[in-house]
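Peer 1: With the input below, show me the fold.
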Amino acid sequence: MKAVVTVVGKDRVGIIANVCVKLAEFNVNVLDISQTVMQGYFTMMMVVDVSGCSLPLAELCRRMEAKGLEMGLSIRVQREDIFEAMHRV
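Peer 2: Take a look at the predicted model:
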């Protein structure tokens, strides 16, 4: 199963590395990543494979949100199908 991870916050060194290390702790594989910095704000969107994740998806969401709070960022994880349904026009 795929999920979408979004990260938003003030730009600084190490955001991508810290988020990827945390995902790797739970055996989540990054399939695609796009990031940019807009006027000092970091934004990143990742498509990840959670089929091998060592946690239930709801717990992964909580842990990544907590990591975001620790880093002063907003980190959200959503199942790909739910993300797509929410963003259809």
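
Peer 1: Nearest spatial neighbour of D11, chain-adjacent residues omitted?
Peer 2: Spatial nearest neighbour of D11, chain neighbours left out: F42 (4.1 Å); criterion: Cβ to Cβ, 6 or more residues apart in numbering. C-beta coordinates here come from the backbone N, C-alpha and C atoms, glycine included.

Peer 1: The one you found: what's it in contact with?
Peer 2: When the contact criterion is Cβ atoms under 8 Å, 6 or more residues apart in numbering, the partners of F42 are 7-12, 15, 35-36, 73.

Peer 1: Can you give me the buried ones in the helix ranked longest in the chain?
Peer 2: Residue-count comparison of every helix in the chain, with assignments taken from DSSP state H, identifies helix 57-71 as the longest. Burial within helix 57-71, assessed by neighbour count using 16 or more other Cβ atoms under 10 Å, is assigned to 60-61, 63-64, 67-68, 71.

Peer 1: quick revisit: mind giving me the PyMOL select for the contacts of F42, buried ones only?
Peer 2: Buried members of the contacts of F42, defined by 16+ other Cβ under 10 Å, are picked up in PyMOL with:
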select buried, resi 7+9+15+73
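
Peer 1: if you average pLDDT over stretch 29-49, what comes out?
Peer 2: The pLDDT scores in stretch 29-49 average 97.

Peer 1: now it, how far from the chain's geometric center?
Peer 2: From the chain centre to the centre of stretch 29-49 is a distance of 8 Å (Cα atoms, centre = their mean, to the nearest Å).

Peer 1: cool, and stretch 42-53?
Peer 2: On the basis of Cα atoms, centre = their mean, the separation between the geometric centre of stretch 42-53 and that of its chain is 5 Å.
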